[in-house]
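>>> 3D, please:
(one chain, ligands or ions: 2)
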Amino acid sequence: MTKEQLINGLNEDLAAEWGTIMRYTYQSSRALGLRGAELRDIFEQEIPDELGHAKYLTDAIADLGGDPTTQPKTFDKPEDLKGMVELDLKMELNDVENYSRHAKLAEDLGMTALKVKLEEMAADESEHARDLRRILRGM
Ligand SMILES: [Fe+2]
Ligand SMILES: [Fe+2]
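Ligands and ions are numbered 1, 2, ... in the order given. Now for the predicted structure:
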C-alpha cells in the first residue's frame, strides 16, 4: 500500500464529488412539476455537504503532495424524476463504498485523522442514500 495509491483513490473521490455537485445542480433545474419542486429543494440541500467533502479532499490531496483534480466525473442524465433519484441513490452508495475502502488505506498508512474523516464522509453519504431510498419508496 503506497501513498500514491491513496492519492489516486482520493482524486477519484474528489472527481466523484465535483460530479455530484454538478449532478444535483443540474437535476434541481430539470426537476419539473409539483413533485419536481419538492425534489429541487432536496437536491439543493445536498450540495453544501458535497461541497464540504470536495473542499476537504482538495486539502487532503494537496497535503499528501498530490495535485487535486478539477475534473468532475461524468454522469448520466435521466429525464424522469424517478430515474434521477435512482441514479443518485446508486452514486451515493458507490461513494459510501469508496470512502470506506480509502479509509482502510489511510489506516494502513497510519493516517488516523484522514481515516476517521473518510469514515465520517462515508456516513454522510450513507445518510444521503437513506433519504433518497425513502423518497424512492414513495414514487
Ligand atoms: Fe459527498
Ligand atoms: Fe452525498
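>>> Work out for me the element residue 45 sits within.
Using DSSP states H and E, residue 45 sits in helix 33-63.
>>> can you tell me the residue of this protein closest to ligand 2?
residue 128 (3.7 Å; Cβ to the ion). Glycine gets a C-beta too; all of them are placed from N, C-alpha and C.
>>> Please name the nearest non-neighbouring residue to that residue.
Closest residue in space to residue 128, ignoring its immediate chain neighbours: residue 92 at 4.7 Å, by Cβ to Cβ, 6 or more residues apart in numbering.
>>> Now do the contacts for the one you found.
By Cβ atoms under 8 Å, 6 or more residues apart in numbering, the contact list for residue 92 reads 125, 126, 128, 129, 132.
>>> Kindly report the same for residue 87.
Here residue 87 is in contact with 23, 75, 76, 78 (Cβ under 8 Å, 6+ apart).
>>> Do I have it right that the last one meets residue 88?
No: counting by Cβ atoms under 8 Å, no contact exists between residue 78 and residue 88, whose distance comes to 9.7 Å.
>>> Comparing these two, which residue is more hemmed in?
Higher neighbour count among residue 78 and residue 88: residue 88, with 26 against 15, using other Cβ atoms under 10 Å.
>>> Okay, and the more buried one sits in which element?
Taking DSSP H and E as the definition, residue 88 sits inside helix 81-108.
>>> Where does the protein get nearest to ligand 1, residue-wise?
residue 53 (3.7 Å).
>>> Next up, the contacts around the most centrally placed residue in the chain.
Centroid-nearest residue in the chain: residue 17, 4.4 Å away (criterion: Cα atoms, centre = their mean). Residue 17 is in contact with 50, 51, 53, 54, 57, counting by Cβ under 8 Å, 6+ apart.
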